[in-house]
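Asker: what shape does this take:
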Amino acid sequence: NAVVAGRTAASIVLLGDGHAKPPPTLPQVKARFTFESVGVSGDNVGIETITRSQPTTVFLRVANYGRNDRDLKVEMLADGRLADVLPVHLAGNSTTDLTWTGLVAGTQSVTAKLTPGDALAIDDAAYLVTGSPPARKVLLVTDENGFLQRALKLRPGIDLSVIKKADYRPGSSFDLYVFDGWAPPGKLPDPALVIAPVDGNGPVPLGAQLSPGLVLPIDPTDPITRDVVLKDVHVQTAARVTVPPGWRTSIAAVDDPLLLIHQGEPRIAELTFDIHHSDLPLRAAFPILVQNLLGYLLPGGFENQVYPTGRPVILATEPDAKALEVLEPSGRIVKLAPPFPAAPFTDTGRPGVYTVRQQLGAGSRVSQFVVQFEDPDLSRIAPVGAPIVAVVNNASGAPPRGTLELWPWFAVLALTLLAAEWVVFHRGP
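Answerer: The predicted model follows:
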């Protein structure tokens, strides 16, 4: 609308396949609107899911988004080498599950690739990191919190120790400290997740309890709240808090912040409410939120994780890291640090296995993560109808240059020819 503002004969031509997600409110177009459909075929097959179901077993789900039956092959590559070929028959508009039992111990990554390819190549392959990174030691200090304990254990490679407040001794070495309802006096060990420290020793001082009100929608670009749905979450009480410099609010209610994140180093997160005073632990959002926090707080929290295409990846390095670089699937090397902390890695437009190399004080650490395309809506490439818009105000006017209708001129020409023929006929020889 800004482009056509003030032009009485302006028009807008939209080129697309019609798969754009509609906005919350009906778009208003202040010009003549024309939609030109792009695409001629809806035939597309893609890999929707890949996961490791058993130590030697990989589970796949293959989807046919077109109307026609397809007979294809799935090439299974282990560490880049062809290991097996699985035939698959797919009826139109259906999914088929496959199980591959040929995974050999010691394999670091698996690629599943459809052949032959089709019009949309980005969903023809899926990737899985199968190598196990060294275990991470996590200390949970709590009097009793089964919800939190189970959520922490969901992450592979976590060596969880649980002790009570009275048994905590400073100086113990862990990769992550989780303090539930309490924080130790003095310098807080880091990285740390602190939950409702009512004793006043938390990294951000908490005030009196209040009713925080409705939980607000999250920022969809925040990696801490990725895939976290809070619309059905209610918090009964939370501590009043003022966000200090160097911190940001990741989750908030109408009257109070609920989750604070320290920006940069050290990596610390603080919840302002006891999770037992909410229904958050009963929602699917809770284990997802805990996994996202682990990914941010833990050194190497990105290892073996899967991220959607286009999503920035936060690479939390080892405490003694001297340099950090990422090897992309194309072979390109991106140097991210120094300086530290490293900026998020944003070049995630290409699916595949990404290798992270950290130069440490003694030796190096090599790990991997996956960028995956998993969007069934985008895999459905058959053209659909034009988007619905509301044409308002000065929406009439002359067509744009290049779209002038020619049929009236042809009609005049045809009428002229008929008139000439009639004159010749009546004049005779």
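
Asker: can you confirm residue 413 is in a strand?
Answerer: No - Residue 413: not assigned to a strand; according to DSSP: H, G, I helix; E, B strand; the rest coil it is helix.

Asker: which residues does it contact?
Answerer: With contact set as Cβ atoms under 8 Å, 6 or more residues apart in numbering, residue 413 has no partners. Glycine gets a C-beta too; all of them are placed from N, C-alpha and C.

Asker: okay, it: pLDDT?
Answerer: pLDDT for residue 413: 73.

Asker: equivalent analysis for residue 389, please.
Answerer: Looking at residue 389, its pLDDT stands at 78.

Asker: isn't it right next to residue 30, touching?
Answerer: No - applying Cβ atoms under 8 Å, one finds residue 389 not in contact with residue 30, separated by 10.4 Å.

Asker: wait, a helix at residue 150?
Answerer: Yes - per three-state DSSP, residue 150 lies within a helix segment.

Asker: what is the burial count for the closest residue to it other than its chain neighbours?
Answerer: Leaving aside its sequence neighbours, residue 150 sits nearest to residue 287 (Cβ to Cβ, 6 or more residues apart in numbering; 7.9 Å). Using other Cβ atoms under 10 Å, residue 287 has 19 neighbouring residues.

Asker: for residue 287, phi and psi?
Answerer: Phi and psi for residue 287, reported as degrees, to the nearest 10, are phi -60, psi -30.

Asker: residue 154 is in contact with that one, correct?
Answerer: Yes - the pair residue 287 / residue 154 is scored as a contact, 5.7 Å apart, by Cβ under 8 Å.

Asker: show me what contacts the residue nearest to residue 150?
Answerer: 150-151, 154.

Asker: what do you get for residue 193?
Answerer: Under the criterion of Cβ under 8 Å, 6+ apart, the neighbours of residue 193 are 176-179, 268-271, 293, 297.

Asker: ramachandran angles for the spatially most central residue of the chain?
Answerer: What sits nearest the mean C-alpha location of the chain, by Cα atoms, centre = their mean, is residue 308, with 4.2 Å. As for residue 308, its main-chain torsions (degrees, to the nearest 10) stand at phi -70, psi 150.

Asker: so for it, what pLDDT did the model give?
Answerer: For residue 308, the predicted pLDDT is 93.

Asker: give me the beta-bridge partners of it?
Answerer: On the basis of DSSP bridges, residue 308 is bridged to residue 372.

Asker: thought it was touching residue 371?
Answerer: Yes - between residue 308 and residue 371 there is a contact at 7.5 Å, judged by Cβ under 8 Å.

Asker: that older thread, which one of the contacts of residue 287 has the most neighbours?
Answerer: residue 151 (20 neighbours).

Asker: ok, for residue 350, nearest residue in space, not its chain neighbours?
Answerer: Per Cβ to Cβ, 6+ apart, closest to residue 350 is residue 329, 5.9 Å.
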